[in-house]
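Trainee: here you go, sequence then predicted model.
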Amino acid sequence: MIKTFQEGAPVQFEKLKRSLKEGDAAQVELRAHTLKGIAMNIGGKDLQRVARQIEAAARNRDLPQAKKLVEKLDWEFARLEKALANL
């Protein structure tokens, strides 16, 4: 599970950021949904919560809100990566 997170989550996070830059709400929603699932599988509740918020914002076509939440997602992502590295 940890390896899946370490290999999959960074790729999805970069795709999410690229989709935001491109203004593609459907892809932002998809990438946030995928990150939410990856976080859930590893027990990253805070990362999962923020990904869920981004997913909802994208579903509502509120990309400015999704962009604001990406900063929180980045912080939670780094925090979870650090915790997993210490296992």
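Mentor: Thanks, I have the structure now.

Trainee: can you report phi and psi for Ala56?
Mentor: Backbone torsions for Ala56, taken as degrees, to the nearest 10, come to phi -70, psi -40.

Trainee: low pLDDT regions in this structure?
Mentor: Within the chain, the set of residues satisfying pLDDT under 70 is empty.

Trainee: next, the buried residues of stretch 8-20.
Mentor: In terms of neighbour count (16 or more other CB atoms under 10 Å), stretch 8-20 has its buried residues at 9, 12-13, 15-17, 19-20. Where you see a C-beta, it was placed from the backbone N, CA and C, and this is true even at glycine.

Trainee: ranges for the helices of this structure?
Mentor: Counting by DSSP state H, the chain has helices at residues 2-22, 25-42, 45-59, 63-85.

Trainee: what helices and strands are in contact with the longest one?
Mentor: Under the contact definition 3 or more CB pairs under 8 Å, 6 or more residues apart in numbering; DSSP states H and E, helix 63-85 sits against helix 2-22, helix 25-42, helix 45-59.

Trainee: now with 6 Å, please.
Mentor: Contacts defined by 3 or more CB pairs under 6 Å, 6 or more residues apart in numbering; DSSP states H and E place helix 63-85 against helix 45-59.

Trainee: which residues are in contact with the helix it packs on?
Mentor: By CB atoms under 6 Å, 6 or more residues apart in numbering, the residues outside helix 45-59 that reach it are 25, 28-29, 32-33, 35-36, 39-40, 65-66, 69, 72-73, 76, 80.

Trainee: centre of the chain to it, how far?
Mentor: How far helix 45-59 lies from its chain's middle: 7 Å, per CA atoms, centre = their mean, to the nearest Å.

Trainee: do stretch 9-20 as well
Mentor: Taking CA atoms, centre = their mean, one finds the center of stretch 9-20 at 8 Å from the center of the full chain.

Trainee: good, wrapping up.
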